[in-house]
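# sequence and predicted structure below; questions after.
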Amino acid sequence: MTIRKWFLLAGFLLLGVSLFLFRFRPRAPQTLAPVQLVYDKPLVITKGGTYTGNWESRDAEISAVEVKTSEPVVIERANIRGAGRLIRSQGYAADITVRNTNGYGITPTPWKEYKKTRNFLVVDGFKNIVVENCYIENAAGINLGLSYEGNGTPQQTIKIRYNKVRNIDGRVYNGWAIANFVGFNFRNPVPHAEIAWNEVINEPDQSVVEDNINIYNTRGLPDSPIRIHDNYIEGAFPIPASEPNYSGGGIISDSPETDSTQATAYLEIYENQLIGLGGYCIGIAGGNHINVHDNRMVVAAKHADNTRYAFWTSGIWAKDYYETQSTYANTMHHNTIAVVGQTGTWRNDVVDSAIIAASTYANTLLETNVTRAMEAQEFERWEKKLRQNKITVGPVAAAQQP
C-alpha cells in the first residue's frame with residue numbers, strides 16, 4: 001500500500017472516531033422557559049357549548065366569565081382569575097359544568113371599596129351544576145341560590161367533587177364578607193346532590209372563611225338526601241388569626257325557616273375529616289332529618305408556633321338555634337372526635353346542646369392528648385384514602401370518575 005493510501009485510511013478512521021464521540025458525548029441539560037399565561041378580557045357566554053381559555057377581570061364589579069344562557073355550558077381546561085366573581089350566572093336556569101379549571105382570586109386594580117367576594121362560581125337559578133377536578137386559591141367558593149329548576153334526574157342535579165382548595169378568602173375592602181367553600185340557599189328540593197372528595201385547606205392569616213360548607217334553607221328528598229361525604233377540611237379562622245371573636249367552622253345545616261316543610265332537611269353528612277378548625281366541626285343550627293355519622297374530627301386548638309387558638313373550638317352540636325320548632329328528627333352517631341377547648345385545659349367534643357335537637361349516640365371520644373402531630377396524621381390518612389379509591393383531587397388530564 002502506498003503512503004498516500006495510508007494517509008487516506010488514517011484520515012477516514014479519525015473522522016469516524018470524531019463523529020462517534022460527538023454523537024455520544026454528554027449534552028448539557030436543556031431548560032425550558034416557563035410558559036407565561038396570557039389572559040383574555042372577561043368572557044360573556046350567550047350560547048351553549050364547550051369553552052376553553054384564560055380569562056380575567058381586575059374590576060370587582062365585572063365577572064371574569066358571565067353565563068347568560070340556559071343551554072348546557074362546559075368550561076374546561078381553563079384558567080380564570082378575578083377581583084370579583086370568577087364565574088357568574090343569574091336568572092337563566094343555568095346548566096353549567098366546570099372541570100379541570102384553575103381559579104384564582106386577585107386584588108382589584110385599583111383597590112377600591114366593594115363588598116363582593118371573589119367567588120369561584122355564583123349561580124342564582126339553575127338546572128344542573130357540576131364542579132369537578134378544579135383548583136381554587138385565594139377566593140371564595142361555590143354559592144348556589146334562588147331556586148333549583150331541574151327535572152329531578154341524575155343528569156340535572158349538583159355535583160361538587162374532586163376539587164382542591166387553598167385559602168377560602170372573604171376579605172373585601174376595609175373588612176371581610178361571608179365566604180364559604182360551598183354555600184346552598186335555594187328553593188325546591190334537589191335530588192342526587194353530592195359534595196364529595198374535596199380537599200380544602202385554609203391557613204391562618206392567609207384566609208378568612210365563615211362556614212366551610214353551609215346548607216341554608218335547602219332540602220334534599222327523603223329517598224335522596226343531599227350527600228356530603230369524604231371531604232377533607234382543614235382550618236377555619238378569623239382574620240387576624242389572633243382575634244378572639246369568630247363565627248364559623250366546618251359543616252353546618254342552618255335554617256331560620258319556621259315551616260318545617262321548607263326548612264333545611266334531608267342531609268347525610270358522613271366520612272368527612274375535619275381538622276384544626278376554629279368554631280365547630282359539624283353543627284346543626286336548624287333543620288330536620290339530618291344524619292351525621294362516621295366523621296373524624298381532630299382539633300388540637302394550637303397554631304404552628306404552639307400558641308393556643310384565641311377563639312372557641314368544639315366538635316359536634318345540634319340546637320334549635322332560631323327557636324323555630326322545625327329542628328327535629330336529627331341524629332349524630334358513630335363519629336370519632338378529639339377536640340380541645342381553646343384554653344387547652346378541657347375537651348369540647350360534644351357540646352351540651354347536642355342533646356336538644358339531635359339523637360347523639362355511639363360516638364367515640366379519643367382519650368388521648370390531642371396534638372398537632374395527630375392532625376398531621378389525619379392528612380396522611382386522607383392521602384391513603386385517595387390512593388385506595390384511585391381518586392385525584394384537583395385538575396387532571398382526563399375525565400374523573402363518573
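Cool, the structure landed. Residues are numbered from 1 along each chain as shown.
# name the helices or strands packed onto the one helix or strand residue 130 maps to?
According to DSSP states H and E, residue 130 maps onto strand 119-132. Counting contacts by 3 or more C-beta pairs under 8 Å, 6 or more residues apart in numbering; DSSP states H and E, strand 119-132 is packed against strand 87-99, strand 135-148, strand 158-161. For every residue, glycine as well, the C-beta is placed using N, CA and C.
# make a markdown table out of these and add distance to residue 377 and mean pLDDT.
Formatted as a markdown table, the helices and strands packed on strand 119-132 follow (distance: least, C-beta to C-beta, whole Å; pLDDT from 0 to 100):
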| stretch | distance to residue 377 | mean pLDDT |
| --- | --- | --- |
| strand 87-99 | 31 | 98 |
| strand 135-148 | 25 | 97 |
| strand 158-161 | 25 | 98 |
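# residue 68 is nearest to which of those?
Counting by C-beta to C-beta, residue 68 lies closest to strand 87-99 out of those; the figure is 6.0 Å.
# that closest one: what's the following helix or strand?
strand 102-105.
# using PDB, write down the CA coordinates of that following strand.
Backbone C-alpha positions of strand 102-105 (Å, rounded to 0.1, in the frame of the first residue of the first chain) are rendered in PDB as follows:
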ATOM      1  CA  ASN A 102     -57.900  26.800  37.900                       C
ATOM      2  CA  GLY A 103     -59.500  29.700  39.700                       C
ATOM      3  CA  TYR A 104     -57.600  32.500  41.500                       C
ATOM      4  CA  GLY A 105     -58.800  35.500  43.500                       C
END
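# can you list the helices and strands packed on strand 119-132 in JSON lines and add mean neighbour count and distance to residue 228?
Shown next, in JSON lines, are these (neighbours: other C-beta atoms under 10 Å; distance: least, C-beta to C-beta, whole Å):
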{"stretch": "strand 87-99", "mean neighbour count": "21", "distance to residue 228": "19"}
{"stretch": "strand 135-148", "mean neighbour count": "22", "distance to residue 228": "13"}
{"stretch": "strand 158-161", "mean neighbour count": "23", "distance to residue 228": "9"}
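# could I get the ones you listed as a markdown table with distance to residue 271?
Formatted as a markdown table, those follow (distance: least, C-beta to C-beta, whole Å):
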| stretch | distance to residue 271 |
| --- | --- |
| strand 87-99 | 23 |
| strand 135-148 | 20 |
| strand 158-161 | 14 |
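# for residue 128, which of those strands is the nearest?
strand 87-99 (4.5 Å).
# residues making contact with that closest one?
Here strand 87-99 makes contact (C-beta atoms under 8 Å, 6 or more residues apart in numbering) with 48, 63-76, 78, 80, 103, 119-134, 149, 156, 399-400.
# which among those end up buried?
Buried by 16 or more other C-beta atoms under 10 Å: 63-67, 69-70, 73, 75-76, 78, 80, 103, 119-129, 131-134, 149, 156, 400, out of the contacts of strand 87-99.
# the closest residue to residue 224 other than its chain neighbours: neighbouring residues, count only.
Distances taken as C-beta to C-beta, 6 or more residues apart in numbering put residue 191 closest to residue 224, at 3.8 Å, once the chain neighbours are dropped. Using other C-beta atoms under 10 Å, residue 191 has 22 neighbouring residues.
# pLDDT value on residue 191, please?
Looking at residue 191, its pLDDT is 98.
# so it touches residue 221, yeah?
Yes. Using C-beta atoms under 8 Å, residue 191 makes contact with residue 221 at a distance of 4.9 Å.
# so in terms of bridging, what pairs with the closest residue to residue 361 other than its chain neighbours?
Leaving aside its chain neighbours, residue 361 sits nearest to residue 333 (5.0 Å; criterion: C-beta to C-beta, 6+ apart). Beta bridges link residue 333 to residue 293, residue 361 when assigned by DSSP bridges.
# how about residue 333, what does it touch?
Residues in contact with residue 333 (C-beta under 8 Å, 6+ apart) are 292, 293, 359, 360, 361, 362, 363.
# what's the PyMOL line that selects buried ones from those?
The PyMOL command for the buried members of the contacts of residue 333 (criterion: 16+ other C-beta under 10 Å) is given here:
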select buried, resi 292+360+363
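# specify which member of the contacts of residue 333 is nearest to residue 274.
residue 292 (11.1 Å).
# please name the nearest non-neighbouring residue to residue 84.
Residue 84 sits nearest to residue 60 (C-beta to C-beta, 6+ apart), 3.9 Å away.
# okay, now that neighbour: neighbour count?
24.
# ok, residue 86 next?
Neighbour number of residue 86 under other C-beta under 10 Å is 30.
# please apply the same query to residue 152.
Residue 152 - counted by other C-beta under 10 Å - has 15 other residues nearby.
# show me the contacts for it.
Counting by C-beta under 8 Å, 6+ apart, residue 152 touches residue 191.
# hey, where'd the helices end up in this structure?
Using DSSP state H, the helices of the chain run over 3-24, 354-357, 372-388.
# lowest mean pLDDT across those helices, which one is that?
Across these, helix 3-24 has the smallest mean pLDDT, namely a mean of 40.
# returning to that earlier point: adding distance to residue 262 and pLDDT as columns, could you present the contacts of residue 333 in a markdown table?
Output for the contacts of residue 333, formatted as a markdown table (distance: C-beta to C-beta, whole Å; pLDDT from 0 to 100):
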| residue | distance to residue 262 | pLDDT |
| --- | --- | --- |
| 292 | 21 | 98 |
| 293 | 25 | 98 |
| 359 | 23 | 95 |
| 360 | 26 | 94 |
| 361 | 29 | 95 |
| 362 | 31 | 97 |
| 363 | 30 | 97 |
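# nearest to residue 254, of the contacts of residue 333?
Nearest to residue 254 among those, counting by C-beta to C-beta, is residue 292 at 14.0 Å.
# now stretch 273-293: buried residues?
Judged by neighbour count (16+ other C-beta under 10 Å), stretch 273-293 contains these buried residues: 273-292.
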